[in-house]
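**Q** Here is the input, now give the coordinates:
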Amino acid sequence: ALGNRLVHAIRNGTATSRQLEQAIGLIGREALGAEADMEKLQRALRSVDSGHSIRQVRNELRELQQEAQRTQREFK
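**A** Modelled structure (predicted):
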């Protein structure tokens, strides 16, 4: 859970970059699993700013999710 304070800061546009990174990390772990590479997730999200299409970012996130699932299966 992100917590009320963090959610409030994000909604109001007052969240710091550190808080946003924390939120992205928490959301990424929840969505992709604990084994996901958070740096790859953050790079994919940053690429939207550098002109990548949403479709490209979606594909990168899908690949990251598949990689996390493979890693998780290897450790079971």
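
**Q** going forward, measure contacts between C-alpha atoms and count neighbours the same way
**A** Fine.

**Q** Run through the neighbouring helices and strands of the least confident helix or strand in the chain by mean pLDDT.
**A** Counting by mean pLDDT, DSSP states H and E, the chain has its least confident helix or strand at helix 38-46, which shows a mean of 72. Secondary-structure packing of helix 38-46 (3 or more CA pairs under 8 Å, 6 or more residues apart in numbering; DSSP states H and E): helix 17-32, helix 54-74.

**Q** Turn those helices into JSON lines, columns for distance to residue 38, mean pLDDT and mean neighbour count.
**A** Below are the helices and strands packed on helix 38-46 laid out as JSON lines (distance: least, CA to CA, whole Å; pLDDT from 0 to 100; neighbours: other CA atoms under 10 Å):
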{"stretch": "helix 17-32", "distance to residue 38": "6", "mean pLDDT": "79", "mean neighbour count": "15"}
{"stretch": "helix 54-74", "distance to residue 38": "9", "mean pLDDT": "77", "mean neighbour count": "14"}
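
**Q** In TSV: those helices, plus distance to residue 10.
**A** Formatted as TSV, the helices and strands packed on helix 38-46 follow (distance: least, CA to CA, whole Å):
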stretch	distance to residue 10
helix 17-32	8
helix 54-74	21
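
**Q** So for residue 43, which of those helices sits nearest?
**A** For the helices and strands packed on helix 38-46, proximity to residue 43 was assessed by CA to CA; helix 54-74 is nearest, at 9.4 Å.

**Q** Need the CA coordinates for the closest one. CSV is fine.
**A** Provided in CSV are the C-alpha atoms of helix 54-74 (Å, rounded to 0.1, in the frame of the first residue of the first chain):
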residue,chain,number,x,y,z
ILE,A,54,2.8,4.4,-25.0
ARG,A,55,2.7,1.2,-27.0
GLN,A,56,6.5,0.8,-26.9
VAL,A,57,6.5,1.4,-23.1
ARG,A,58,3.7,-1.2,-22.8
ASN,A,59,5.8,-3.7,-24.7
GLU,A,60,8.8,-3.0,-22.6
LEU,A,61,6.8,-3.5,-19.4
ARG,A,62,5.3,-6.8,-20.8
GLU,A,63,8.9,-8.0,-21.5
LEU,A,64,9.9,-7.0,-18.0
GLN,A,65,7.0,-8.9,-16.5
GLN,A,66,7.9,-12.0,-18.5
GLU,A,67,11.5,-11.8,-17.4
ALA,A,68,10.4,-11.5,-13.7
GLN,A,69,8.1,-14.5,-14.1
ARG,A,70,11.0,-16.6,-15.6
THR,A,71,13.3,-15.6,-12.8
GLN,A,72,10.7,-16.4,-10.2
ARG,A,73,10.2,-19.9,-11.8
GLU,A,74,13.9,-20.5,-11.8
